[in-house]
Structures are given as structure tokens and as C-alpha cells.
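>>> build me a model from this:
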Amino acid sequence: MIKVGRRQYQDQCISASGGAMPIRSWKDFLSGLMFIAFGTAFIWIGQDYAFGSARRMGPGFFPVVLASILVLIGLVVAVRGLLVDEERPRGFTWRGLLLVLVASIMFGVLVRTAGLALATAVLVMLSAYGSREFRWKPTVVLAVGLTVFSVVVFVYALGLPIPVIGPLLGG
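Numbering: from 1, shown residues only. Have a look, this model is predicted:
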């Protein structure tokens, strides 16, 4: 039995043969169902756009193809949840959710005022701080690496008009 809030659920689902099949990894099984739901929703939304062909893609081609791939990935992940034993998720932390949300908002604000370098570093540091396994040294290394990568790719390689150092820092 799985306890979610005040309710308890059986730790199994019905197999194709009609017998009970245990769900061995709830994390994978529910993630797969989420991928399938989102993919199906995007396929349904994409039906309103002209699909076209591989040679002449319409505006609905790319979203529908990506959504179809998402559904396939969801099927693989959900089936994996039925076949592979893994430990159950340890719970939910509001701290992680809130820090990732705040970090994303701060990135949007800082990227134009303080520049891409500082915005990326703040995004990585705050998001990582939301984890239970947060450690300073690997997080700083990751922040520096992603900052350099972002600046090289987006500013120099792609030529996007994003300030590396923004006007807030005298750039």
C-alpha cells in the first residue's frame, strides 16, 4: 500500500492478462504518465495547425513530432516503472520548488540588468541550493562551467544581443 496524504493506494495496476501487476517504481511510472499526458495534450493542440510534410513542414509539424516523441518516451518510462525496482521517492520539499521558481524569475530580471554571466551563475546557485544534497564546491564548478558555456554559445557563437555584463555592473 502507498500512502498519499490521507489516502492509501494499492501498489499495483492491472496487467494486459487481467492479473495484478506490481508498480515497482512509482517515480518512473508517474513520470511516464505525466509525459504521456503532456505529449497527448500537445498533439491535440497541434491538430489546429497545418501539418505539412517532411519536405514542406507546416506550423504544426514540429510540435506534433516532438509531442509524439514525448509520448513514446513516456511509454518507455512508464513501462520501466512496472519492470525495474527502485526506491520510493522520499517526499516533497517546498524549499526546492520555491528556490527553482525564484531562481528562474531572478534570471529573467538579471539577464538584462546584470548580464548573462551573473544571471546564469545566480540561476545555478539558487536552483542547486534547493537540493537536499547541496554542496558548495560542485555547485560553484557547475555555475562557472554553465556560465562560460552560455556566454560562448549564446553571445559569441549565436550572436544573440544579450549583454555578458549588464548596465547594473557597469557593462
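
>>> tell me where this structure has helices.
Secondary structure of the chain by DSSP state H: the helices cover 26-46, 61-83, 94-113, 116-129, 136-150.

>>> quick one: which of those helices is nearest residue 55?
With CB to CB as the criterion, residue 55 lies closest to helix 61-83 of the helices of the chain, at 10.4 Å. Bear in mind the C-beta positions are built from the backbone N, C-alpha and C, glycine included.

>>> who are the packing partners of the closest one?
Where contact means 3 or more CB pairs under 8 Å, 6 or more residues apart in numbering; DSSP states H and E, helix 61-83 is packed against helix 26-46.

>>> average pLDDT across the helix it packs on?
Helix 26-46 carries an average pLDDT of 92.

>>> flag every buried residue along it.
Neighbour-count burial for helix 26-46, counted by 16 or more other CB atoms under 10 Å, picks out 26, 28, 29, 31, 32, 35, 36, 39, 42, 43, 46.

>>> the nearest residue to residue 47 once chain neighbours are set aside: neighbouring residues, count only.
Distances taken as CB to CB, 6 or more residues apart in numbering place residue 60 nearest to residue 47, at 7.2 Å, with adjacent residues excluded. Burial of residue 60 is recorded as 17 neighbouring residues (other CB atoms under 10 Å).

>>> contacts only, for residue 60.
Going by CB atoms under 8 Å, 6 or more residues apart in numbering, residue 60 touches 46, 47, 48, 49, 50, 51, 52.

>>> could the helices of the chain go into TSV alongside distance to residue 157?
Supplementary listing: these in TSV, determined by distance: least, CB to CB, whole Å:
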stretch	distance to residue 157
helix 26-46	29
helix 61-83	22
helix 94-113	17
helix 116-129	13
helix 136-150	10
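
>>> good, wrapping up.
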